[in-house]
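A.B. asks: got a structure for you, letters missing:
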């Protein structure tokens, strides 16, 4: 079973209230079993909301509010969801503070990207879930 970031399948759960609907993800999932999940919404964050970025071991909104607890709560719920549904692989949103697999924004809200993982991606990886983001899929 594959877990997929909700925004990649058209759910309006992004920080700006929109989505990142992705044709390559839809194509990849054809004929496969998958479940959809948004850890940020599961952690109690609304959509829309201020964007958030990782700084050190915490997550902050653009206004400087510490939203680490919401991100960690969403990550824990994502892991529980994976265990319940027998998820072994996840397709997550690139560079997201929750879902970034290879890199995340650096916390300066300047658009700079640094190597690292989002809160949910890290927890899933630590628990044996194979990760990829939409940019790992063929176009």
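C.D. replies: Received the coordinates, thanks. The structure displayed is predicted, hence computed values, not measured ones.

A.B. asks: Do a quick rundown of the strands in this protein.
C.D. replies: Applying DSSP state E to the chain gives strands spanning 2-5, 34-37, 52-55, 58-61, 89-92, 103-105, 113-115, 130-133.

A.B. asks: With distance to residue 75, mean pLDDT and mean neighbour count added, can I get those in a markdown table?
C.D. replies: Where C-beta positions appear, they are placed from N, C-alpha and C, glycine not excepted. Formatted as a markdown table, the strands of the chain follow (distance: least, Cβ to Cβ, whole Å; pLDDT from 0 to 100; neighbours: other Cβ atoms under 10 Å):
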| stretch | distance to residue 75 | mean pLDDT | mean neighbour count |
| --- | --- | --- | --- |
| strand 2-5 | 12 | 98 | 26 |
| strand 34-37 | 11 | 97 | 19 |
| strand 52-55 | 12 | 98 | 22 |
| strand 58-61 | 10 | 98 | 20 |
| strand 89-92 | 11 | 98 | 24 |
| strand 103-105 | 13 | 98 | 21 |
| strand 113-115 | 19 | 97 | 12 |
| strand 130-133 | 13 | 97 | 18 |
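
A.B. asks: Please name every helix or strand in contact with the top helix by length along the chain.
C.D. replies: Counting residues, the longest helix found in the chain (DSSP state H) is helix 68-85. Using 3 or more Cβ pairs under 8 Å, 6 or more residues apart in numbering; DSSP states H and E, the elements in contact with helix 68-85 are strand 2-5, strand 34-37, helix 39-42, strand 58-61, helix 119-126.

A.B. asks: hmm, who's touching stretch 25-37?
C.D. replies: 1-6, 8-9, 11, 78, 81, 85, 87, 91, 134, 137-138 (Cβ atoms under 8 Å, 6 or more residues apart in numbering).
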